[in-house]
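In: sequence and predicted model, in that order:
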Amino acid sequence: MPKKSISSIELAAIVNELQILVKGKVSQIYHQEKKEILFQLHAVGKGKQLLKVIPGKYVCLTTQKNAPLRPTGFCMLLRKYINNAFIKSVTQYESQRILVFELEKQDTFYLIIELFSKGNVVLTDVASTIIGTLTWQKWKDRTVKPGEKYVYPTSDVNWKTITGKAFAELVKTSDKKNLATTLATELGLGGVYAEEVCVLANVDKDLLGLELTGEQVHSLFEAHQSLVAKLEKPSGYLYDDDITPFPLHGKVAKEETELYSDALDTIKPFETVSPYEQRIKTIEKTIRNQEGALGELQKKIDDNTAKAELIYENYTPLQKLLDIVGEMQKTKEWGEIGKALKEEKKIISVDLKKKSVVIAL
């Protein structure tokens, strides 16, 4: 399936790219699609920048500015409060899929972009009182609508700041079905990056927490730290079924971009694919995989054919050697046979443990 949304890890990469906006200002706000808002910004030393926001899916810098829709009431509200506001900071709330712009005009405002669930865009004042929202939402522990205090969702673990001790306790005591699931759900890395940590650490992703050794846990934490460090200077890597801010081990990207935003900007979030087109894409991917496997199989066939031809060409001396070994086995121990064979010029090595002989042909 084509990528439609970003994870917490990927948002962290985007936030690092958006630091060029700090000290800049909001120039204009447009509604591009029903659930797409475009912010025209001015970045110091960079000039005009366009920020595409699709709540519940992703945000990225873009070069695409389509004909805007008639501005909604929420779009007009944003223009009223934050047009020409200066950008004081751009942050990710803890390790959640929440992007926060601190803005300053006559007063301080917070523009909060939620990328989880159905998504939302919320404008609050400095006291966290909600001024306006893209959509009103009611949750079990929070209400998001004008006049209410904005309450951030809570999470138990922050993959950005977790210590080695807390990491070890998390993976060792988890009751999830395997290590990859623990890292994906309890640490919050998501499936792709959970498996990447396992690959970097050279630890089987299917192990249970109780099966992990102290050395393996240490390797996993080091791999996790290494992965987090890669987010500081992200680039874009486009694969058949994903877009990542750094290369994945064991996979070859079909395209690379200078910025992660550039790669995300290739997503078509509102494009629908018919079941027939999706089926065709699935079949085409299967064919590509099978062609790759066929190539490997053909290589093995060629290698084994060459070996067979070499053996056939040297059939007489090889058969003679086998006959000699057979006769010697009747009267001698394998150790004595090994010593005798080593005196032959064509014998490269003798493995007494495996009872094997390597011959130069």
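Out: Yep, that arrived.
In: ok so Phe101 is a strand residue?
Out: Yes - according to DSSP: H, G, I helix; E, B strand; the rest coil, Phe101 belongs to a strand.
In: name the element Lys160 belongs to?
Out: Using DSSP states H and E, Lys160 sits within no helix or strand.
In: what about it, how many residues nearby?
Out: 14 (other CB atoms under 10 Å). Glycine gets a C-beta too; all of them are placed from N, C-alpha and C.
In: ok, which stretches of the stretch 201-350 of the chain are helices?
Out: Under the criterion DSSP state H, counting those that start in this stretch, helices of the stretch 201-350 of the chain are mapped to 214-230, 260-264, 275-313, 315-331, 334-342.
In: out of the ones you listed, which is the most enclosed?
Out: Most buried of the helices of the stretch 201-350 of the chain, by mean neighbour count (mean count of other CB atoms under 10 Å): helix 260-264, with a mean of 24.
In: so Phe109 touches Leu103, yeah?
Out: Yes - the pair Phe109 / Leu103 is scored as a contact, 4.6 Å apart, by CB atoms under 8 Å.
In: domains of this structure: list them as residue ranges, please.
Out: 8-144, 164-232, 274-313, 315-359 (automatic domain parsing).
In: which residues do Phe109 and Leu103 both contact?
Out: By the contact definition CB atoms under 8 Å, 6 or more residues apart in numbering, Phe109 and Leu103 are jointly contacted by Ile82, Ala85.
In: what stretches of the stretch 151-300 of the chain score poorly on pLDDT?
Out: Applying pLDDT under 70 to the stretch 151-300 of the chain flags the ranges 269-278, 281.
In: which of the helices of the stretch 201-350 of the chain sits closest to Leu78?
Out: With CB to CB as the criterion, Leu78 lies closest to helix 260-264 of the helices of the stretch 201-350 of the chain, at 21.3 Å.
In: need the CA coordinates for the closest one. CSV is fine.
Out: Coordinates of each C-alpha in helix 260-264 appear next as CSV, following Å, rounded to 0.1, in the frame of the first residue of the first chain:
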residue,chain,number,x,y,z
TYR,A,260,12.7,14.1,3.7
SER,A,261,10.0,16.7,2.9
ASP,A,262,10.8,16.3,-0.8
ALA,A,263,10.1,12.6,-0.6
LEU,A,264,6.9,13.1,1.4
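In: run the chain-centre distance for that helix.
Out: Centroid separation for helix 260-264 versus its chain: 13 Å, with CA atoms, centre = their mean, to the nearest Å.
In: what sits against Asp240?
Out: Asp240 makes contact with Lys254, Lys285, according to CB under 8 Å, 6+ apart.
In: over to the one 10 residues further on?
Out: For Gly250, the set of contacting residues under the criterion of CB under 8 Å, 6+ apart consists of Val199.
In: likewise for Lys88?
Out: Val22, Lys23, Glu102, Leu103, Glu104, Thr108.
In: so it, which of the three states?
Out: On the three-state scheme (three-state DSSP), Lys88 is labelled strand.
In: could you measure from Thr185 over to Gln216?
Out: Thr185 sits 19 Å away from Gln216, going by CB to CB, to the nearest Å.
In: re earlier: dump the contacts of Lys88 to a markdown table, plus pLDDT, distance to Glu309 and neighbour count.
Out: Compiled in a markdown table, the contacts of Lys88 are given as follows (pLDDT from 0 to 100; distance: CB to CB, whole Å; neighbours: other CB atoms under 10 Å):
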| residue | pLDDT | distance to Glu309 | neighbour count |
| --- | --- | --- | --- |
| Val22 | 98 | 68 | 16 |
| Lys23 | 98 | 71 | 14 |
| Glu102 | 99 | 73 | 17 |
| Leu103 | 99 | 75 | 21 |
| Glu104 | 98 | 78 | 15 |
| Thr108 | 98 | 80 | 14 |
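In: could the helices of the stretch 201-350 of the chain go into JSON lines alongside distance to Lys172?
Out: What follows is those, written out as JSON lines (distance: least, CB to CB, whole Å):
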{"stretch": "helix 214-230", "distance to Lys172": "7"}
{"stretch": "helix 260-264", "distance to Lys172": "33"}
{"stretch": "helix 275-313", "distance to Lys172": "36"}
{"stretch": "helix 315-331", "distance to Lys172": "52"}
{"stretch": "helix 334-342", "distance to Lys172": "46"}
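In: what about these, which gets the closest to Cys198?
Out: Comparison of those against Cys198 by CB to CB identifies helix 214-230 as nearest, at 7.4 Å.
In: any idea how far the closest one is from the middle of the chain?
Out: Put simply, helix 214-230 sits 15 Å off its chain's centre (CA atoms, centre = their mean).
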